[in-house]
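# Build me a model:
(one chain, ligands or ions: 1)
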Amino acid sequence: MGACLGSFANVAALRTLRGEDWVRQPSACFHCGKRLGFLANLPIFGYVRHGGHSACCGQKLPRRYVLVEVAFAALLVLAFRQLELPVFLVFVPFLILMVVIFLTDMDAFIIPDWASLGGLALGLGLALFGAPGLPVLADALLGGAGGFALIYGINTAYKLWRGHDGMGFGDVKLMAMLGVWLGPWALLPILFAASMSGAVFGLMAILATRLQKAENRPDQPAQVPFGCFLTPMALVWLLFAPQLLSAAQ
Ligand SMILES: [Zn+2]
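This is a model prediction of the structure:
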């Protein structure tokens, strides 16, 4: 199941970036356009069966397909172990959206609105009906407003200081969505952990390019896809918050 959902998340991310329909369009080989049969469409198995090549035209398939499928399968097993069953079932769409946002932000610095705002709307709807695992509606609304205000405020302050945006508006919408699903109390720990890991990654990326190239390009600011740090930290919070909080006490 996890591998199937991972395969879906990967295709949704890739097709969103290409501006293609990912809901109704059937799976097709992206080399020759041939529609994929049932066996070729199976996650992991479809990749391994022909040694990482497409069955129709024998072209090499990107390793990313199988990596995302295996990673999502592992994530789903972990979530199944960590969460109570009703909470697990309610949060499966959240897991998919986190992976889609991670992939599109990594590939193109884009957080699609259907994932962030759609996820926000879904979270509010679930909170309205008192779905297990979500905050009560008042807290979900507070979390959404808090997530929005937090990143919007930080970015406004940064813009006053440096004269350009420090974060994309996609990050604002993503944080609002996280506030709705995980509650206002989750926002600061997630933001803090994502900022720390993002800063370490950014410094290492700057050092790596400096070491590789003798000429440095000072007028080009280093860009870090912040959604790629917010989404894993949100998952850590979702899956391990009780353990983390009890360990801190
Ligand atoms: Zn093909």
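
# For the rest of this, base every contact and every neighbour count on C-alpha atoms.
Will do.

# List the buried residues in the lowest-mean-pLDDT helix or strand in the chain.
Lowest mean confidence among the helices and strands of the chain (mean pLDDT, DSSP states H and E): helix 38-41, at a mean of 80. Of all the residues in helix 38-41, those buried under the rule 16 or more other CA atoms under 10 Å are 40-41.

# ok, and does that helix reach over to the ion?
No. Helix 38-41 is not in contact with the ion by CA under 5 Å from the ion; minimum separation 10.5 Å.

# which outside residues touch that helix?
For helix 38-41, the surrounding residues in contact (CA atoms under 8 Å, 6 or more residues apart in numbering) are 27, 45-47, 54-55.

# Could you point out which residue ranges in the protein have low pLDDT?
213-222 (pLDDT under 70).

# which parts of it sit against the ion?
29, 31-32, 56-57.

# ranking those by neighbours, who comes first?
Among the residues of the chain next to the ion, Cys29 has the most neighbours (other CA atoms under 10 Å), with 18 neighbours.

# Closest to the ion out of the contacts of helix 38-41?
For the contacts of helix 38-41, the residue nearest the ion by CA to the ion is Ser54; the value is 5.7 Å.

# Quick check: that closest one touching Pro62?
No. Contact criterion CA atoms under 8 Å: Ser54 and Pro62 do not qualify, at 10.1 Å.

# between these two, who's got more neighbours?
Ser54 (21 against 11).

# residues in contact with that one?
29, 40, 47, 60-61.

# Among those residues, name the ones in helices.
40, 47 (DSSP state H).

# now, the most widely separated pair of the contacts of Ser54?
Ala40 and Lys60 (13.5 Å; CA to CA).

# Name the nearest residue to Val70, ignoring sequence neighbours.
Ala3 (5.9 Å; CA to CA, 6 or more residues apart in numbering).

# quick one, phi psi at the one you found?
phi -70, psi -40 (degrees, to the nearest 10).

# My read is that it contacts Pro43, right?
Yes. Counting by CA under 8 Å, Ala3 touches Pro43, with 5.8 Å between them.

# so what's in contact with the two at the same time?
Glu69.

# Just to be sure, Leu76 is in a helix?
Yes. Under DSSP: H, G, I helix; E, B strand; the rest coil, Leu76 falls within a helix.
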